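S.K.: got a sequence here, can you model it:
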Amino acid sequence: MSVLDPKMTRAVDQYIDEQHERFSDLGKLLFDTFGFDEKNNRIATQVRNLQQVASSAVRFADIEDFVKNQMGKKGNKDWQRIGDHVLKVLEKLRNQSTEMTDNPAEAMAVRLRLARGWVRAVVSEYLYQVAQKQMGAAT
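M.R.: The predicted model follows:
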């Protein structure tokens with residue numbers, strides 16, 4: 001994987017900042033879909049799994065494949081309900097990477113940086129919703 005130059009890194013980070021509210025909306029959707037284990041005070045495994053995959057992926061497609069895999073599991077109605085929405089957001093990130101650069105190696109690095117910024121925003125909002133629920137003021 002190529003290392004992004006500082007100018008491209010700033011451009012990617014700026015895009016993530018500009019889209020933060022939209023990404024946060026997905027975090028709210030994940031909370032509404034997966035909730036959290038109030039009895040044991042644990043967050044949804046599915047959310048942590050998504051975060052782990054995005055953080056450790058070597059290819060952007062690994063993240064898309066994770067979502068598709070979850071959707072395809074028997075009895076996984078939650079992922080079947082939101083999976084297409086998540087995949088559409090990922091598709092927008094993929095498209096954004098090709099708008100930012102026409103260099104295939106750089107586009108791959110841009111996609112991964114976009115995905116990691118995206119998942120941080122999504123999971124942060126999910127965790128915020130958990131905290132709001134725990135404090136009795138869910139939004």
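S.K.: quick check: next helix or strand after the worst-scoring helix or strand of the chain on mean pLDDT?
M.R.: The helix or strand of the chain with the poorest confidence is strand 42-43; it has a mean of 75 (mean pLDDT, DSSP states H and E). Next in sequence after strand 42-43, counting helices and strands by DSSP states H and E, comes helix 45-56.
S.K.: so after the helix or strand containing residue 78, what's the next helix or strand?
M.R.: Element membership for residue 78, per DSSP H and E: helix 77-100. Using DSSP H and E, the helix or strand that follows helix 77-100 in sequence is helix 104-134.
S.K.: now that following helix, how far from the centre of its chain.
M.R.: When C-alpha coordinates are averaged (Cα atoms, centre = their mean, to the nearest Å), helix 104-134 and its chain have centres 4 Å apart.
S.K.: next: stretch 32-49.
M.R.: Relative to its chain's centre, stretch 32-49 lies at 16 Å (Cα atoms, centre = their mean).
S.K.: how close does the nearest residue to residue 100 once chain neighbours are set aside sit to residue 91?
M.R.: Distance criterion Cβ to Cβ, 6 or more residues apart in numbering; nearest residue to residue 100, sequence neighbours excluded, is residue 110 at 5.4 Å. Every residue, glycine included, has its C-beta placed from N, CA and C. In this structure, residue 110 and residue 91 are 15 Å apart, going by Cβ to Cβ, to the nearest Å.
S.K.: neighbour count winner among the two?
M.R.: For residue 110 versus residue 91, the count of surrounding residues by other Cβ atoms under 10 Å is larger for residue 110: 27 against 11.
S.K.: so what's the more buried one up against?
M.R.: 4, 8, 12, 96, 97, 100, 101 (Cβ atoms under 8 Å, 6 or more residues apart in numbering).
S.K.: show me what contacts the residue most central in space within the chain?
M.R.: In the chain, the residue lying closest to the centroid (Cα atoms, centre = their mean) is residue 119, at 3.1 Å. Residues near residue 119 by Cβ under 8 Å, 6+ apart: 50, 51, 54, 55, 63.
S.K.: same thing but at 6 Å, please
M.R.: Residues in contact with residue 119 (Cβ atoms under 6 Å, 6 or more residues apart in numbering) are 51, 54.
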